[in-house]
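Asks: with the input below, show me the fold.
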Amino acid sequence: MLLAISEFPYRLFQNRVNTTLAAAPPRKAELQLAVAKPLTALRAELADIDRQILTLVAARQRLSTTIGSSKREAGLPLRDYRQEKAVVDRARAMAGKLRFDPDLAEQLTLSLIRSSLTVQERGEVEARAGGVGRQAIVIGGAGKMGRWFVRFLASQGYQVDVADPAGGVEGHAHYTDWHTVNLGHDVIVVAAPLRASNAILLELAERSIEGVVFDIGSLKSPVRPGLVALAQAGARVTSVHPMFGPDTELLSGRHVIFIDVGVSEATKSAEELFSSTMAARVSMDLESHDRLIAWILGLAHATNIAFMTALVESGEAAPTLAELSSTTFDEQLRVADRVVHDSPQLYFEIQSLNNFGTESLEALESAVARVRAVVEAGDESAFQTLMENGRQYLGDRLI
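Replies: Model prediction:
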């Protein structure tokens, strides 16, 4: 059951609503009086309203924690899409009564719902505390995704160590060289770049490892030798691919892929780490994973890098383009901006180390050439066909 608008501290919220609904539309004289007020006074009133709003949001957050506990006790799922729709519909209706944009009310409500779910999911992970009394180590824990796993495992009660020559993470024991560590940990996460991860996995196969070991690489072909070596050595090894970035807090709607390399017990243990979250857990074989990732990551990254490269080489000044930008351009620019500010090493590995990578790049090259040919030929019908084919392909999903 999701936290509803009506679940704000009732008396305070209802008083606000009743006062607003009872107020008649401002008359011309009242508007003139408001305009006559000093700007500083108007801004002070605005600040006070903001304070009241944020006070209610804070109260809602506290209530979200209680509601999450109630859901756990009742054995209910954290997310209820039907209730979520009811909350949004109610907010839009209330916006109509309060005489402001229902779309704004929906956006605000969805943000509040997402925030509430984040609080409740975090509470669920902490409540289960499956790692209490257990140890974990993240090799490469100072990296972006390494830090995410440090936080994630710590939230489950694990004592988490970090092994990374680049530095440590505050509050956790740090080792510059993982070779110096005893590695009697219950969970060993390898969060290094792909080539380095494979080298680490190969070296781990030469040691007596009892804990569950898994990498978190975006590709699996480059780490296959290390994974196979560990499996053959009798280690509890599996492979994981979190399909989200290091800034992710709420895992609802996110996917985590698990690749079994022949040790099903290890894969099950890795899956259990995410059982208290709302992440969708997907099982996949190694070959299928890399083939699909060539399209999901390889094509998407290449498209955005090519987009930014074309802009850079266009000779047009970025501020000028920003002043004249369109909705589509802005959306594309935002995505491309995130891509080009990420790790060049990671993105290059995703492009260059995937055995299936050239297929998506060739498809992108062919598609651009086809669009150009249609435009140069002045063939509007063919252009419409390209767009219609796209609509049909995307017809079964919500964009």
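Asks: can you list the buried residues in stretch 361-381?
Replies: Using 16 or more other C-beta atoms under 10 Å as the test for burial, stretch 361-381 gives 361, 374. For the C-beta atoms, the positions are set from N, CA and C on the backbone; glycine is no exception.
Asks: check stretch 267-282 too.
Replies: The neighbour-count check on stretch 267-282 (16+ other C-beta under 10 Å) flags 267, 269-271, 273-274, 276-279 as buried.
Asks: now do stretch 63-74
Replies: Using 16+ other C-beta under 10 Å as the test for burial, stretch 63-74 gives 63-64, 67-68, 71-72.
Asks: related to what we said a few turns ago, now, which of the buried residues of stretch 267-282 lie within helices?
Replies: Members of those lying in helices (criterion: DSSP state H): 267, 269-271.
Asks: if we can go back for a sec, what's the closest of the buried residues of stretch 63-74 to Gly234?
Replies: Set against Gly234, the nearest of the buried residues of stretch 63-74 by C-beta to C-beta is Arg72 (37.5 Å).
Asks: got a list of what that closest one touches?
Replies: Counting by C-beta atoms under 8 Å, 6 or more residues apart in numbering, Arg72 makes contact with 123-124, 127.
Asks: next: Asp186.
Replies: By C-beta under 8 Å, 6+ apart, the contact list for Asp186 reads 131, 134-136, 158, 211-212.
Asks: what count of nearby residues applies to Val87?
Replies: Under the neighbour criterion other C-beta atoms under 10 Å, Val87 is assigned a count of 22.
Asks: before we move on, the earlier item: so which of the contacts of Asp186 wins on neighbours?
Replies: Within these, most neighbours by other C-beta under 10 Å means Ala136, with 27 neighbours.
Asks: could you give the bridge partners of that residue?
Replies: Taking DSSP bridges as the rule, Ala136 bridges to Val160, Val187.
Asks: if I look at it, how far off is Trp295?
Replies: Ala136 sits 33 Å away from Trp295, going by C-beta to C-beta, to the nearest Å.
Asks: Ala154 versus Ser115, what's the distance?
Replies: As defined by C-beta to C-beta, Ser115 lies at a distance of 22 Å from Ala154.
Asks: correction: the previous question concerned Arg134.
Replies: 11 Å.
Asks: Val335 too?
Replies: Distance, Val335 to Ala154, by C-beta to C-beta: 31 Å.
Asks: who has more neighbours out of the two?
Replies: Ala154 (18 against 14).
Asks: SS state for Val228?
Replies: helix (DSSP: H, G, I helix; E, B strand; the rest coil).
Asks: the residue lying closest to it once chain neighbours are set aside: how many residues sit nearby?
Replies: Once flanking residues are discounted, Val228 sits nearest to Val261: 6.9 Å by C-beta to C-beta, 6 or more residues apart in numbering. Neighbour count of Val261, defined by other C-beta under 10 Å: 21.
Asks: surely Val261 and Asp285 touch.
Replies: No - taking contacts as C-beta atoms under 8 Å, Val261 lies outside contact range of Asp285: 9.4 Å.
Asks: list the contacts of stretch 119-130.
Replies: Here stretch 119-130 has contacts from 61, 64-65, 67-69, 71-72, 78, 152, 155-157, 249-252, 272-273, 275-278, using C-beta under 8 Å, 6+ apart.
Asks: export the contacts of Arg72 to a markdown table and tack on pLDDT?
Replies: Converted to a markdown table, those look like this (pLDDT from 0 to 100):
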| residue | pLDDT |
| --- | --- |
| Gly123 | 83 |
| Glu124 | 83 |
| Ala127 | 78 |
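Asks: out of the residues you listed, which are buried?
Replies: Looks like these have 123-124 buried, using 16+ other C-beta under 10 Å.
Asks: ok but Phe258 is inside a helix, no?
Replies: No - counting by three-state DSSP, Phe258 falls outside a helix, being strand.
Asks: ok, now how distant is it from Leu286?
Replies: Computed as C-beta to C-beta, the Phe258 to Leu286 distance reads 11 Å.
Asks: now the terminal residues of stretch 165-177, how far apart.
Replies: Its start and end residues considered, stretch 165-177 measures 6 Å (C-alpha to C-alpha, to the nearest Å).
Asks: cool, and stretch 73-85?
Replies: 24 Å.
Asks: ok now it, how far from the chain's centre?
Replies: Relative to its chain's centre, stretch 73-85 lies at 21 Å (C-alpha atoms, centre = their mean, to the nearest Å).
Asks: now do the buried residues in that stretch.
Replies: By 16+ other C-beta under 10 Å, the buried positions in stretch 73-85 come out as 78-79, 84.
Asks: stretch 351-360 too?
Replies: In stretch 351-360, the ones that count as buried by 16+ other C-beta under 10 Å are 351, 353-354, 356-357, 360.
Asks: same check on stretch 287-297?
Replies: The neighbour-count check on stretch 287-297 (16+ other C-beta under 10 Å) flags 289-291, 293-294, 297 as buried.
Asks: would you format those as TSV with secondary structure included?
Replies: Output for the buried residues of stretch 287-297, formatted as TSV (three-state DSSP):
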residue	secondary structure
His289	helix
Asp290	helix
Arg291	helix
Ile293	helix
Ala294	helix
Leu297	helix
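Asks: report the two of these separated the most.
Replies: Using C-beta to C-beta, the two most remote members of the buried residues of stretch 287-297 are Arg291 and Leu297, lying 11.7 Å apart.
Asks: mind listing the shared neighbours of those two?
Replies: With C-beta under 8 Å, 6+ apart, Arg291 and Leu297 have no common neighbours.
Asks: ok, longest helix in the chain?
Replies: The chain, longest helix under DSSP H: helix 39-74.
Asks: I'd like the next helix or strand past that one.
Replies: Scanning forward in sequence from helix 39-74 by DSSP states H and E, the next helix or strand is helix 81-98.
Asks: how about the helix or strand following that following helix: buried residues?
Replies: Per DSSP H and E, the first helix or strand lying C-terminal to helix 81-98 is helix 102-128. The neighbour-count check on helix 102-128 (16+ other C-beta under 10 Å) flags 102, 105-106, 109, 112-113, 115-125, 128 as buried.
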